[in-house]
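Student: take this sequence and fold it.
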Amino acid sequence: MTIQYKLASQNVSFDRDQFTATANYHVYDDASAILTVGEIVGDSGLTAILGTGATSAYQSFGTGYLANSTYPKIRYAGYTLVNEEGGAKWALTVNFDSAQSAYSPSAAAKDIIPENQPGFTAVEMSIEAAIVPTYRVGAYTLPTGGSIDTPSENDIGGTPVDQAAQPTDAFVSVMRFTLRNVMSGRPSSTLLTNLAGQTNTRNSDAVTIAGFTCAIGKLLFTGAQISRVGPNAYEITYSFAYDDDFHLRQIPAVDASGSPKLGIINSGALTTNAATLDANQNSPRYAGVVMWRQPFPSTSNFGTNLLSWLPA
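Tutor: Presented below is the predicted three-dimensional model:
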């Protein structure tokens, strides 16, 4: 028994920058024997049809455009077999969908893997304004080096915007990254341990996501979600938040009684001098000393422990 595959027709559709295509085959035995679906599915000839070699359905569209080896426009998306004439003949339809935009023919291999297939990755981003209690704006001073994790109690500078140590709600820009990765098999205990242990930690190494480099300490891992997306396939969704101020927060210094130290603007400068405050009873009061605090002092090597799968 030798199963034959004869290309009968091809169809290509283009709609909203997306290609779909089908290659249709007549399938039969050269001795006119009755074929079962199991015999066809297990046949090496079908394997060749579904591959990317010279006799494949993919290559039947030609290598100049749709099946271009460098920037393919279509990718294999499944097939159907229909029994005709009691099994003496079968109709095979091989389906293809878009691998990339027709107008941007430069997608890398990482961008043309079908969703829910192991190896699929995606990067999604948003930029939003987060409301934070704020005492100082303008030219304040950020800590550096190890002081980012454990800031000093020195005043941060800047222009006061509070009222008697009552903060103003201000917006800070936060960039949020959602990274998706589909893997084969259930997540390992090592991966789960890494996810749990590194949640609410900042990056100890520079991390590049979709061409954007997150400097050390500015990227916060906020958690992950794991979902089953197919047989033996699981998608992990990683969530991160990027803050150019290292996720630091401002707090006012307090005296021995726990009350905020207050100050006034005198001769263009903020002072906490008691005599000056007494001499200027009607002047607006501000937090006299404002310090940085780091709510996420721990750091982790994301590149090694979390994102080793992330394509460059």
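Student: how about stretch 206-222: buried residues?
Tutor: 207, 209, 214, 217-221 (16 or more other Cβ atoms under 10 Å). Just so you know, the C-beta spots here come from the backbone N, C-alpha and C atoms, and that holds for glycine as well.
Student: in strands, which of those fall?
Tutor: Among those, the members found in strands (DSSP state E) are 207, 209, 214, 219-221.
Student: Serialize these to CSV and add fields for pLDDT.
Tutor: Shown next, in CSV, are these (pLDDT from 0 to 100):
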residue, pLDDT
V207, 93
I209, 91
C214, 95
L219, 97
L220, 97
F221, 97
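Student: so which of those comes closest to M125?
Tutor: Among these, I209 lies closest to M125 (Cβ to Cβ), at 8.0 Å.
Student: quick one: contacts for the closest one?
Tutor: 123, 125, 177, 179, 240, 310 (Cβ atoms under 8 Å, 6 or more residues apart in numbering).
Student: most widely separated two among those?
Tutor: Of all the pairs that the contacts of I209 form, the one spanning the most space (Cβ to Cβ) is M125 and L310, at 13.7 Å.
Student: and the longest strand for this protein?
Tutor: Per DSSP E, the chain has its longest strand at strand 168-184.
Student: quick check, pLDDT for S308.
Tutor: S308 is assigned 84 on the pLDDT scale.
Student: that one and F302: what is the separation?
Tutor: Taking Cβ to Cβ, to the nearest Å as the measure, S308 and F302 are separated by 9 Å.
Student: higher neighbour count, the two?
Tutor: With neighbours defined as other Cβ atoms under 10 Å, S308 and F302 compare such that F302 has more, 25 against 8.
Student: so who does that one touch?
Tutor: 198, 203-205, 207, 219, 221.
Student: with T304 instead?
Tutor: Here T304 is in contact with D205 (criterion: Cβ under 8 Å, 6+ apart).
Student: isn't there a helix covering it?
Tutor: Yes: counting by DSSP: H, G, I helix; E, B strand; the rest coil, T304 is part of a helix.
Student: which of M125 and L310 has more residues huddled nearby?
Tutor: Per other Cβ under 10 Å, whichever of M125 and L310 has more neighbours is L310, with 18 against 14.
Student: in the host helix or strand of Y76, what's buried?
Tutor: Y76 is part of strand 74-84, with elements assigned from DSSP states H and E. Neighbour counts over strand 74-84 (16+ other Cβ under 10 Å) mark 74-76, 79, 81, 83 as buried.
Student: just the C-alpha atoms of it, please, in CSV.
Tutor: Extracted C-alpha coordinates of strand 74-84, given in CSV (Å, rounded to 0.1, in the frame of the first residue of the first chain):
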residue,chain,number,x,y,z
ILE,A,74,1.7,32.2,6.6
ARG,A,75,2.1,29.4,9.1
TYR,A,76,0.6,26.0,9.5
ALA,A,77,-2.6,26.1,11.5
GLY,A,78,-4.0,22.5,11.4
TYR,A,79,-5.8,20.2,8.9
THR,A,80,-9.0,18.3,8.3
LEU,A,81,-9.6,14.9,6.6
VAL,A,82,-12.9,14.0,5.1
ASN,A,83,-13.9,10.5,4.0
GLU,A,84,-15.1,10.3,0.5
